[in-house]
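1. sequence and predicted structure are below.
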Protein chains: 2
Amino acid sequence: MTTETKTLAGHPFDRGLFESLVKRRLFFTEAFEIYRTSGALGGDGRGLFDYGPPGCALQSNIVDAWRRHFVLEENMLELDCTIMTPEAVFKTSGHVDKFEDWMCKDSKSGDFLRADHLIENVLEARLKGDRIARGLGISSDDSSKPVDAKKQKRKVKDIQAVKLPDQEVAEYEEILAKIDNYNGTELGELISRLDIRNPDGNNPVSPPTPFNLMFKTTLGPSSASPAYLRPETAQGQFLNFKKLSDYNQNLMPFASASIGKSFRNEISPRSGLLRVREFLMAEIEHFVDPEGGKKHPRFHEVQHISLSLLNRSVQLSGSSDLQAMTIGDAVAEGIIDNETLGYFLARIYLFLLRIGVDKTKLRFRQHMANEMAHYAADCWDAELLTSYGWIECVGCADRSAYDLTVHSRRTGEPLVVREPRAEPLRVEEWQMDINRAKFGPTFRKDAKAVEAALNSLSQSERENLSGSLDQQGFITLQVPGMVDGSVKVPRDLITLEKRTRVENTREYTPNVIEPSFGIGRILYSLLEHVYWHRPDDVARGVLSLPLSVAATKLLIVPLSNQPRFIPVIQTVSQRLRELGISCRVDNSSASIGKRYSRNDELGIPLGITIDFDTLKDDTITLRERDSTKQVRASQSDIVDAIKSLVDGKESWGNVFNRLPEFVGQSGDL
Amino acid sequence: MTTETKTLAGHPFDRGLFESLVKRRLFFTEAFEIYRTSGALGGDGRGLFDYGPPGCALQSNIVDAWRRHFVLEENMLELDCTIMTPEAVFKTSGHVDKFEDWMCKDSKSGDFLRADHLIENVLEARLKGDRIARGLGISSDDSSKPVDAKKQKRKVKDIQAVKLPDQEVAEYEEILAKIDNYNGTELGELISRLDIRNPDGNNPVSPPTPFNLMFKTTLGPSSASPAYLRPETAQGQFLNFKKLSDYNQNLMPFASASIGKSFRNEISPRSGLLRVREFLMAEIEHFVDPEGGKKHPRFHEVQHISLSLLNRSVQLSGSSDLQAMTIGDAVAEGIIDNETLGYFLARIYLFLLRIGVDKTKLRFRQHMANEMAHYAADCWDAELLTSYGWIECVGCADRSAYDLTVHSRRTGEPLVVREPRAEPLRVEEWQMDINRAKFGPTFRKDAKAVEAALNSLSQSERENLSGSLDQQGFITLQVPGMVDGSVKVPRDLITLEKRTRVENTREYTPNVIEPSFGIGRILYSLLEHVYWHRPDDVARGVLSLPLSVAATKLLIVPLSNQPRFIPVIQTVSQRLRELGISCRVDNSSASIGKRYSRNDELGIPLGITIDFDTLKDDTITLRERDSTKQVRASQSDIVDAIKSLVDGKESWGNVFNRLPEFVGQSGDL
C-alpha cells in the first residue's frame, strides 16, 4: 500500500518513478536477482539487498556522519564485536525464549504470514474499500454488491468498494492505531472474529504461533555448539562492560558504540529495504547511574529543541495526533522519562536533519506496553514518513539494568560500578563471629553446612537469636541437608553483636539508554525524502542529497572529449583533490544537459563545465544541482567557492549573489 | 609453537609481553570471555574475537587506507553485498561440494582436529626434539631415552628430546614444505605411516574425512530454504557483474571491490586472530579480457619494484628459499603469469608497506597445484612473518572465467562483454535454410525434434550431408527420441550452402584477477611488526604505528590537571581539530612519564606537553614516540610541524633538526 506523500517540489510522490531511478543508478538492488528471475534460486531468498556504488558510498557517508556526530563528539568507546554468538549468551539475554513474532499459516497454500501485518493489510484494504464506496455513494445496505463485476473476479487483495457500518470503521481504526500492542492470543481472537484470511487466495489461516527471529547455526564440527547470528549489536557491548569501564578509568557516565551487521529471520519480508533479513545497525549503549533521576550534563544544550511527539496514552486512545513540544517541557512534564533519554532523542533529531531528512516527515513515537522488547523499560522510536507510511528508523530504549544484571547473574562476573562515597555510609547491623578453633572440631563434616546456615540468617533472625543465645546459652538452627535437620550451636562457638559498619564505596549496576539506528531504513527514507522531479518533466528526477552526505561532491564536465580540455581537467581535479573534495569527470559523448541529468539522479550537488572560453580566459562555470543556476568566474574563484560550500561556510545563495551569473549557454536541456 | 623473530629494536620477540600489552590496552579480546572463564559458555565458542576501542580504530584506519589505495586510486566500483546467501548460489560456485578441510577425530576424546595441522604440529615437535637431542649429544641409538624422566610423564605435546635418523629429518622437512599440497588420501597415508596421534592425550585418530567450512542456516520459517554465510565476498560481486558493467558504460577492464565480514567454520581454531571463524575481508574482482596476455596499462609504474618470491617449483623441491626479483623480470620470465597479476602483487606490496608492515617480514608465495582453491588458475599469497611463522594475509588469485561461466550457465543470464570489433570478423561456414511451408506439415509432431537434430549438426557433418543432398536428393538424419530413430529429409525441405558470416561484435567472458585481503590477519601481523620495547626496560612497550594508520595522531599532556592549563589545551585542540588531526587529552593524575608510556603502548605517534613555561612564553614541547626526543617552539610553529608530519610532507628527523631540542625536563622516566 502506498501512503500519499509529497516531494520537496510539492508533487505527489510516485514510487514507480523513484524506484526506477534508484534501480537505474544502482543505489541498491535485490540480491541474487539473476537467480531469482531465472527461477534458479529455489526457496525463499527475500529480504536481502545489495548496495551498488552510489548506495554503498552514501551508506558509508551516513556511517561517517554518525561516527562524527555521536562517537567523536561524545568520546564514545567504539567496539567491533562478533555477529556469531553462542546460544548461552542469547539464552541469558532472553532472546532464545522471547525474540519472536506471531505467525499464521495459510491452510491451503502453506504460506507463512506475520499475524499483525496480515490483520493490518486486510483491515486497511477494507477501510480503503469503504472510502471508495462512500465516494461512489454505495450504502452499507448493498455492501455486497461490488462496483465492478470484473473486479470481483480478481483476487481479494485488490480493493473491493464495500461500504462498512460506521461503528465497524471506528473499530478498525482503533485496532490499527494499537496493532503493535496485541499479544498472540489477542491477534488470534481478532483473526477469527473479523474473519481475516490470506488476501492472496482468500484461504483461512491457522491461529498465530510464535516464531523466533534469530538465524541458528552450529559452531565447529560437533552439533553440541548451537549459535545464533546476533539480532542486535548490543550484547557484545554488555559482555565487555567490565573491560570498557576499566579502559575508561572507571569514570561514569560513559557510552560504548558499535556499527555492524545484524540479522533477523523475518517471516515474510516485504517493503524493499524497509524489512530485510540482514541490515547494518549503529548502536550506542550509554551507561548511567540509575540514582539521581538520570540527569545529563549537556541537557541544557538541547532542551529548547522542539520535537513532534506521539506518546503512549494518545495511541491507546486510538489517535495518531502529533504534539509539538520542547525536549525540556516533555521531560519536565514526565512525557519523556528522564534527561538522558531526552538528550538522546534531541541528538537523534539533530543527526537526522544533518544528513538531509525532511523534518516535516519525522516524528517520535513512544512504544506501548506490549510492544516493547522484553528488556525495555521505556522506548521511543524516531519514525520517518515514507510512501510505506511511518517507518521506525531509530529506537531509543531505556533497557534499565536488565542486561548487565542477567549476564552478571549467569556468569558470576560483577558487572557493576564501584565509586568512592563522598560521605561514608554508616550501617547498623547484627554481625556474627565464629570461634573457629572450636567450631570445626564440634561439627566436623557438617561444619560447612552449619556455617552457611548461620551466614544466611537475616538481620531480624539474628536479632531474635541473639536473645536465645543470651538467655539459653545456645541457639537452635535449621540446617538444610543435615540428617536430623537442625543443630544446637552453643555460646562458646559464636558471638552475635550489633555493630556499625562503614561503607566507603558505593556499588551499583548502571542503567543503559540505547539509541539504536537502522542505517538501511534511514538511507531508504532519506532517498525518498530528497527525491523530486523537475516541474516540467517527471522523467528528470533529482536527489537533493546534502553536500555533507553526497558521495561525490562535484562533477567535472568538459564540453566534449577533445584532448585540448584534458590539461584544464587535470589542473582542476588536482586542486580539488588536494582540498579533499571528491570529484568525478564525465567526458562521455552525451550532451552536457544529459550528463547533468544523470548527475542530478546520482545526487551530486555541484558541477563545473569546461568549455572553449575556459581555454581563452581561464573562467569556468559552477552549477548547483537543485536550482540548476550557474555562475562563472576564474578557476581560482570557483575553486574557493566550492571549498567554502563543501565546508558549510557559505550557502549557494551567497555564492550566487556574489559571483556573476552565467546564462549564455545553459547546461540544462 | 613460537617462531623466533626479532623486534624493530633487534630484541627477540616475546609473545607473552606483546599479548599482555594488546590485551591491557584492549586492542582485541576473546569474545564472550566472561562466559568462557565462568564455564557458562557450553560448547565450542573458539575463533571469535572482539575489537576494543584502539583495535577498532586501527581496523577502521587500515580499511580507509585500503579504500584510498585501491578503490579511489583505481576508480573501482565498491559494492556492499549480503553475507546471507541461498544454497543455490554456492552450489553453482562449487563451495557446497568443494569448500572443505580434512578432519580427523580423536578415537577416545572425540575431539576434532584439522588433518594437515595435526601432521604439521607433530612433525615440528619431533624435529624440535631432534634438534634439542643433537644439541645435548644424544645419539639416535638411545633415542627412546628421554632427557628428563619427569618430562616423559607430561603430555606428549611437550617436546621430547629424541634424536631422529638423518633421512627421517630430511623426509619430515620435505613433508612440511609441501604440507599444503596433500589431498585427503595422502594425509591419511602420512598419518598411518608416521604414526601421527593427537598430541593431547596421545590417542590414535580416525582417517581424514572432508568437512565443509560454510556455516549453514535456514531462510524464513520453512525448512525448504537452506542458506549459508558467505566464506568470501566474491560471489556477490560476480552475480552483479552485468549491472556493474552497465554502470561502467561497458568499458573494460574494470574492477569491483567489497569490504565486509565473511565466515568460515574452522574445525579447530587456534593462533588467536590468525585463524578465526568470523573475519573482515576486503576483496577486489578485476575483470580483464583474457586475450592479449592480460596486459595492464599501468604495469610500467610498478615493474621496477623488487619482491621476495617463493615460487611453486622451489617449494616442490622441498625448499623455502626466497628469491628477490623485480616484478618486471618475474613476469618476463613467466614466474608470475601475466602483467595484471604482477601489477596487483606490486600494489599489494606498496599497500602493506604504507600501513607499516616490516618489509623484511614480507614474502610472496605461489600456491601449489593441490593447494589452490577449486576456482583458481594461479594464486600468490602475500605472507607476513609473525611469531606463529609465515601467515597468509593477502591472496591474489587468477580465477580465470570460472565464476562468471558457471553462474551464467546456471541462470541463463549472459555474463559477458560485447565489444565492437575494430575489423569485422568474416567466418566461412555451412548454413542451413528450412522451407517452413513444407517442413511442418511433413513432420507434424516430430517437426521440432527434427529441426533440433538439424541445428545440432557440426560444420563437417553439414559439409558431408550437402554432398548426399546433391547426389541422392535427401539426407538421412538420426533424431533422438523418435520411434524409428531416423528420418529422411528431402531436398525440397532444406538447403545447405557455404556462406560468409560477418561478425561486427566480439563477445567474451572476462577473466578475474582477485586480490583478497584478510584485514584481521594484517592487523595482527602489523601489531607484531611494530611492537618493541625500550632497550632498558622490557615492560616499556611501544607500538610504532605509522602516523597514517595510528588512530589518534597526538596526545596533549598538561603538566597537571590544574585549571590554569585548560585555556591552552582548548586553543591547541581547537587548532588541531580544524586541521583535521585527531588528538586526545590526558589530564589524569599520573606522572608525565607514565602518561607517555601509556601513550607509547597505544601507538600514538606524537605528544605535546603544556607546562608552566607555556603560560609564560606560549612555547610547547613536541615529543616523538619512537625516539622520545622533544623539540620546543611557539605554539604556531609546533602546530605547523605537526601538520606537515601528519601530511607526510616532512620527516621527524627534519623537524628535529630545524626546531630547538628540548632536554630541560624530560617527559620520560
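-> Nice, thanks for sending it over. Numbering: from 1, shown residues only, chains lettered A, B, ... in the order given.

2. from chain B, how far off is residue A:327?
-> Distance check for residue A:327 against chain B: by C-beta to the nearest C-beta, to the nearest Å, it reads 27 Å. Heads up, the C-betas are built off the backbone N, CA and C, glycines and all.

3. before we move on, what about residue A:296?
-> Counting by C-beta to the nearest C-beta, the gap from residue A:296 to chain B is 21 Å.

4. how about residue A:117?
-> 14 Å.

5. can you verify that residue is assigned to a helix?
-> Yes - Residue A:117 forms part of a helix when assessed by DSSP: H, G, I helix; E, B strand; the rest coil.

6. grab the nearest non-local neighbour of it.
-> Distance criterion C-beta to C-beta, 6 or more residues apart in numbering or on different chains; nearest residue to residue A:117, sequence neighbours excluded, is residue A:268 at 7.2 Å.

7. where's the one you found relative to residue A:110, distance?
-> 13 Å (C-beta to C-beta, to the nearest Å).

8. give me the more crowded residue out of those two.
-> For residue A:268 versus residue A:110, neighbours defined as other C-beta atoms under 10 Å in any protein chain shown are more numerous around residue A:268 (18 against 10).

9. what sits against that one?
-> Residues near residue A:268 by C-beta atoms under 8 Å, 6 or more residues apart in numbering or on different chains: A:46, A:111, A:112, A:113, A:114, A:117, B:220.

10. residue A:481 now?
-> residue A:449.

11. using the three-state scheme, assign it.
-> Classified using three-state DSSP, residue A:481 is coil.

12. next one: phi and psi at it?
-> Note on residue A:481: backbone dihedrals following degrees, to the nearest 10 are phi 90, psi -10.

13. look at it and report its pLDDT.
-> We note a pLDDT of 70 for residue A:481 in this prediction.

14. how close does it sit to residue A:406?
-> Distance of residue A:481 to residue A:406, given as C-beta to C-beta: 28 Å.

15. same question, residue A:70
-> For residue A:70, the distance to residue A:406 - C-beta to C-beta - is 26 Å.

16. cool, residue A:572 as well?
-> 59 Å.

17. one more: residue A:317?
-> Counting by C-beta to C-beta, the separation of residue A:317 from residue A:406 is 35 Å.

18. ok, residue A:67 next?
-> The spacing between residue A:67 and residue A:406, counted by C-beta to C-beta, is 30 Å.

19. same question, residue A:33
-> 42 Å.

20. before we move on, what about residue A:257?
-> With distances taken as C-beta to C-beta, residue A:257 is found 22 Å from residue A:406.

21. mind giving me the packing neighbours of the helix or strand residue A:570 falls within?
-> For residue A:570, the element it lies in under DSSP states H and E is helix A:566-578. Contacts defined by 3 or more C-beta pairs under 8 Å, 6 or more residues apart in numbering or on different chains; DSSP states H and E place helix A:566-578 against strand A:554-558, strand A:583-585, strand A:606-610, helix A:635-646.

22. to chain B, which of the ones you listed lies closest?
-> Among the helices and strands packed on helix A:566-578, the nearest to chain B by C-beta to the nearest C-beta is strand A:583-585 (8.6 Å).

23. centre of the chain to the helix or strand hosting residue A:101, how far?
-> Using DSSP H and E, residue A:101 sits within strand A:100-105. Mean C-alpha position of strand A:100-105 versus that of the full chain (C-alpha atoms, centre = their mean, to the nearest Å) differs by 22 Å.

24. strands of the stretch 201-350 of chain A, start to end?
-> Using DSSP state E, counting those that start in this stretch, the strands of the stretch 201-350 of chain A run over residues A:209-212, A:216-218, A:226-229, A:254-263, A:278-288, A:306-310, A:323-326.

25. between residue A:572 and residue A:406, who's got more neighbours?
-> Between residue A:572 and residue A:406, counted using other C-beta under 10 Å, residue A:572 has the larger neighbour count: 22 against 17.

26. surely that one and residue A:608 touch.
-> Yes - using C-beta atoms under 8 Å, residue A:572 is in contact with residue A:608, at 7.0 Å.

27. need the overlap of contacts for these two.
-> Contacts common to residue A:572 and residue A:608, judged by C-beta under 8 Å, 6+ apart, are A:556, A:620.

28. where does the closest residue to chain B within the stretch 551-669 of chain A land on pLDDT?
-> Taking C-beta to the nearest C-beta, chain B has its nearest neighbour within the stretch 551-669 of chain A at residue A:588, 6.7 Å off. Residue-level confidence at residue A:588 comes out at 84, pLDDT.

29. for it, which residues are in contact?
-> A:561, A:595, B:249.

30. and it, which of the three is it?
-> Under three-state DSSP, residue A:588 comes out as coil.

31. can you give me the helices in the stretch 351-500 of chain A?
-> For the stretch 351-500 of chain A, the helices defined by DSSP state H, counting those that start in this stretch cover A:402-411, A:436-443, A:447-455, A:459-472.

32. residue A:497 is nearest to which of these?
-> helix A:459-472 (7.8 Å; C-beta to C-beta).

33. now tell me what touches that closest one from outside.
-> For helix A:459-472, the external contacting residues (C-beta under 8 Å, 6+ apart) are A:429, A:430, A:432, A:457, A:474, A:475, A:476, A:491, A:494, A:496, A:497, A:498.
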